[in-house]
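Enquirer: have a look; sequence and predicted model below, questions after that.
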Number of protein chains: 2
Amino acid sequence: MLLSYLQRKMILKQHIFMSLQYNEFYHERTGLTIGLKKLLYSKQSEYQLTEVYETDTWGNLMIIDGMVMLSEKDEFVYHEMIAHTALFSHPNPERVLIIGGGDGGTAREVMKHPAVQHLDMVEIDRNVVEASRLHFPDVGDFENPKINLLFEDGIAFVKNVTEPYDVIIIDGSDPVGPAEGLFKKEFYQSCYEALNEDGILTSQTESPWVKSYHQSIQAVFRNLKELFPVSSMYLCFIPLYPAGMWSMAFASKKYEACDSVVEERIKSSTFAGNLRYYNSEIHYASFALPNFVKDIVR
Amino acid sequence: MLLSYLQRKMILKQHIFMSLQYNEFYHERTGLTIGLKKLLYSKQSEYQLTEVYETDTWGNLMIIDGMVMLSEKDEFVYHEMIAHTALFSHPNPERVLIIGGGDGGTAREVMKHPAVQHLDMVEIDRNVVEASRLHFPDVGDFENPKINLLFEDGIAFVKNVTEPYDVIIIDGSDPVGPAEGLFKKEFYQSCYEALNEDGILTSQTESPWVKSYHQSIQAVFRNLKELFPVSSMYLCFIPLYPAGMWSMAFASKKYEACDSVVEERIKSSTFAGNLRYYNSEIHYASFALPNFVKDIVR
């Protein structure tokens, strides 16, 4: 019985093997499988390999060094949650900095806030912007005259800020490769200094389900806690990221994320009703952490 | 360049092909991949095929008709969320019914509540209980003398209840095969009648990310809304279920899930501090729905 079962599995596998398929093994041999139609873009920079595939069900998919960055179908979750959680927590976010975020989706969400007067977006790799412009036409906002796109190393950039920001959003990739420095204390120290005295920072901080990320996650929250009077993790559901649970960091010099004024601010905004993930209940709820997640960042 | 890239992928794939791997394709060709060590159990009943594998990272894994039911590493989320959300919302849950739940994990969580005097657990397939007893020794509670385990069709059972329940938990599998009837109106009507006048029901209701589930999800919530004065969806993160976002239904004849007394009840309980997912913040937060999920159940 066991043998015949395995044989059946092997036949199924041979069938799958014939078709193009992306596998991300994010935790030993646990991972995600996505059916692919064709490769649209593949370019190696001095930093990383950027690829775009057309998929069966997720629209176009960007993969950097083998890790899913975004798909057309699910990108709204990440971009809404990393942008609006910070911007609605600030009463008047005029000056914003995005480190990374080359696909332009975070910029698109930031620019929905009428208070924003100036956005610096510092992406290290031109290929990410090129791939997004070519294959994710609805994702990126690159044209708004208030956006200043710079191709530089964000870690170096933030050390030399002269005019501080109200909000800094760290929209980098996983803590390997060029984004490794985005998880270090010196970097957060620079961000702290580059923020106004009531500034807010948000950052993506990996999946709490993936053990190999725990050290990076713990380091980020320890660093933020040492620097900022307010710091918390919040969570969102991202189906194409490892385990479907993604964490982000909120750190603030003055404002609390879960202050009751935030609800009023979201409800009176002209665009929040058109968002696809974020709303006032989600804003507060995302800061509730399961016990096993609390244990990681305690 | 494209060709050589694909060749590279094919070599990688051939390597993966050599090792035993489970793929669940939950949405066209999107799915989950789990590395397997060996098959521990495989038995076809008149209803379904129950299999247990030893995995690389998730402990033992139960698969029914090709769908992940639970792993030793992540089962706590599902079982805590389907049991405690109902039981903490009720002031005195003495009599409880579980439909399905043959792995015993939901029963284990229910029996943590000292108010529970009697639990009927109605599982259609003996193999699920057998597989759990053999290969998930820490999951199931089958020994507690307050638990009455019956091997019957839950749909028929609930039609003939004479002594009503305070809480009914519908812990079935996906709406195909023997669990199909668990998504129909007649079944919810029977459940309503089998509940006391202040009774509460919870049920698993699939992933909002998977389009092919939408009709089933909508039918469940439409049915519950017609029958119960209180009904809502709530969400939890389950890494081995499709897309990592899982929905459950809460329906109640009298009590609100998000009443402020629930927090007090959770905080004063003797065991809530030892749970691994559920806590009082999670209880309320799980009822906050992203806008795209609201649109599905509106």
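Expert: Arrived safely. Numbers count the residues shown, from 1 in each chain, chains lettered A, B, ... in the order given.

Enquirer: please make it C-alpha for all contacts and neighbour counts, starting now.
Expert: Will do.

Enquirer: and the host helix or strand of A:L32, is it in reach of chain B?
Expert: Here A:L32, judged by DSSP states H and E, is contained in strand A:30-44. Yes. Strand A:30-44 lies within reach of chain B by Cα under 8 Å from any Cα of the partner chain, at A:T30, A:G31, A:L32, A:T33, A:I34, A:G35, A:L39, A:S42.

Enquirer: just send the residues you listed back as JSON lines, with distance to A:L201 too.
Expert: Output for these, formatted as JSON lines (distance: Cα to Cα, whole Å):
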{"residue": "A:T30", "distance to A:L201": "32"}
{"residue": "A:G31", "distance to A:L201": "30"}
{"residue": "A:L32", "distance to A:L201": "30"}
{"residue": "A:T33", "distance to A:L201": "33"}
{"residue": "A:I34", "distance to A:L201": "33"}
{"residue": "A:G35", "distance to A:L201": "36"}
{"residue": "A:L39", "distance to A:L201": "35"}
{"residue": "A:S42", "distance to A:L201": "32"}
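
Enquirer: just to revisit the earlier point, quick one: the strand holding A:L32 to strand B:30-44, angle?
Expert: 150 degrees (axes from the mean of the first three to the mean of the last three Cα atoms, to 10 degrees).

Enquirer: domains of chain A: list them as residue ranges, please.
Expert: A:2-69, A:75-297 (automatic domain parsing).

Enquirer: off-centre distance for the longest one?
Expert: Centroid separation for domain A:75-297 versus its chain: 7 Å, with Cα atoms, centre = their mean, to the nearest Å.

Enquirer: from the opening residue of it to its closing one, how far?
Expert: Distance across domain A:75-297, first residue to last, is 26 Å (Cα to Cα, to the nearest Å).

Enquirer: tell me if it is near chain B.
Expert: Yes. Contact of domain A:75-297 with chain B (Cα under 8 Å from any Cα) involves A:209, A:237-240, A:243-245, A:275-279, A:281-282, A:284-286, A:288-292.

Enquirer: mean confidence (pLDDT) on that domain, please.
Expert: Average pLDDT, domain A:75-297: 95.

Enquirer: next: the shortest one.
Expert: In this model, domain A:2-69 has an average pLDDT of 78.

Enquirer: that domain: how far from the chain's middle?
Expert: On Cα atoms, centre = their mean, the centre of domain A:2-69 falls 21 Å from the chain's centre.

Enquirer: ok, back up a step: export the domains of chain A to TSV and append columns for mean neighbour count.
Expert: Listed next are these as TSV, based on neighbours: other Cα atoms under 10 Å in any protein chain shown:
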stretch	mean neighbour count
domain A:2-69	17
domain A:75-297	20
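
Enquirer: would you list those domains in a markdown table and tack on distance to B:F183?
Expert: Output for the domains of chain A, formatted as a markdown table (distance: least, Cα to Cα, whole Å):
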| stretch | distance to B:F183 |
| --- | --- |
| domain A:2-69 | 26 |
| domain A:75-297 | 24 |
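
Enquirer: what's the closest of the ones you listed to B:K112?
Expert: Of all those, domain A:75-297 sits nearest to B:K112, with 17.1 Å by Cα to Cα.

Enquirer: so how far is chain B from A:M62?
Expert: For A:M62, the distance to chain B equals 15 Å [Cα to the nearest Cα, to the nearest Å].

Enquirer: ok, that residue - contacts?
Expert: A:M62 makes contacts with A:T50, A:E51, A:V52, A:Y53, A:V68, A:M69, A:L70, A:S71, as judged by Cα atoms under 8 Å, 6 or more residues apart in numbering or on different chains.

Enquirer: which of these lies closest to chain B?
Expert: Set against chain B, the nearest of the contacts of A:M62 by Cα to the nearest Cα is A:E51 (10.4 Å).

Enquirer: hang on, the closest one packs against A:S45?
Expert: No. Contact criterion Cα atoms under 8 Å: A:E51 and A:S45 do not qualify, at 11.2 Å.

Enquirer: hmm, which two among the contacts of A:M62 are most spread apart?
Expert: A:T50 and A:S71 (13.5 Å).

Enquirer: what does stretch A:20-35 contact?
Expert: Residues external to stretch A:20-35 that are found in contact with it (Cα under 8 Å, 6+ apart): A:19, A:36-38, A:55-57, A:66-68, A:210-212, A:240, A:242-243, B:23, B:25, B:28-35, B:56-57.

Enquirer: restrict the strand holding A:L32 to CA atoms and write it as CSV.
Expert: The C-alpha coordinates for strand A:30-44 follow below in CSV (Å, rounded to 0.1, in the frame of the first residue of the first chain):
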residue,chain,number,x,y,z
THR,A,30,8.6,24.5,3.5
GLY,A,31,7.5,27.0,0.9
LEU,A,32,5.3,28.5,-1.6
THR,A,33,4.5,27.2,-5.1
ILE,A,34,3.3,29.5,-7.8
GLY,A,35,2.4,28.4,-11.3
LEU,A,36,4.2,30.5,-13.9
LYS,A,37,3.3,31.4,-17.5
LYS,A,38,6.5,33.0,-18.6
LEU,A,39,9.6,35.0,-17.7
LEU,A,40,9.2,38.7,-18.5
TYR,A,41,12.3,40.3,-17.0
SER,A,42,15.6,39.0,-15.6
LYS,A,43,18.5,41.3,-14.9
GLN,A,44,21.4,41.0,-12.6
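
Enquirer: helix or strand right after it?
Expert: Next along from strand A:30-44, by DSSP H and E: strand A:49-55.

Enquirer: who are the packing partners of that following strand?
Expert: strand A:30-44, strand A:60-64, helix A:126-135 (3 or more Cα pairs under 8 Å, 6 or more residues apart in numbering or on different chains; DSSP states H and E).

Enquirer: between the ones you listed, which one is closest to A:F88.
Expert: Of all the helices and strands packed on strand A:49-55, helix A:126-135 sits nearest to A:F88, with 26.4 Å by Cα to Cα.

Enquirer: report the angle between the axes of that closest one and strand A:49-55?
Expert: 20 degrees.

Enquirer: what strands line up against the helix or strand just after helix A:126-135, and which way round?
Expert: Remark: after helix A:126-135, the chain's next helix or strand is strand A:147-151, criterion DSSP H and E. Using DSSP bridges, the strands paired with strand A:147-151 are strand A:118-123 (parallel).

Enquirer: what about the helices in the stretch 151-298 of chain A?
Expert: Secondary structure of the stretch 151-298 of chain A by DSSP state H, counting those that start in this stretch: the helices cover A:154-159, A:185-193, A:214-227, A:260-267, A:280-285, A:291-297.

Enquirer: for B:Y188, find the nearest of those helices.
Expert: The nearest among these, by Cα to Cα, is helix A:280-285 at 28.6 Å.

Enquirer: which residues are contacting that closest one?
Expert: Residues outside helix A:280-285 that contact it (Cα under 8 Å, 6+ apart): A:85, A:257-258, A:262-263, A:266-267, B:282, B:284-286, B:288-290.

Enquirer: go on, stretch A:229-240?
Expert: Residues contacting stretch A:229-240 (Cα under 8 Å, 6+ apart): A:32, A:68, A:70-71, A:74, A:77-78, A:81, A:221, A:224-225, A:244-256, A:286-289, B:209, B:237, B:243-245.

Enquirer: which residues does A:S89 contact?
Expert: A:Y255, A:E256, A:A257, A:C258, A:D259, A:V262 are the contacts of A:S89 under Cα under 8 Å, 6+ apart.

Enquirer: and if we set it to 10 Å?
Expert: A:167, A:199-200, A:250, A:252, A:255-263, A:265-266, A:283 (Cα atoms under 10 Å, 6 or more residues apart in numbering or on different chains).
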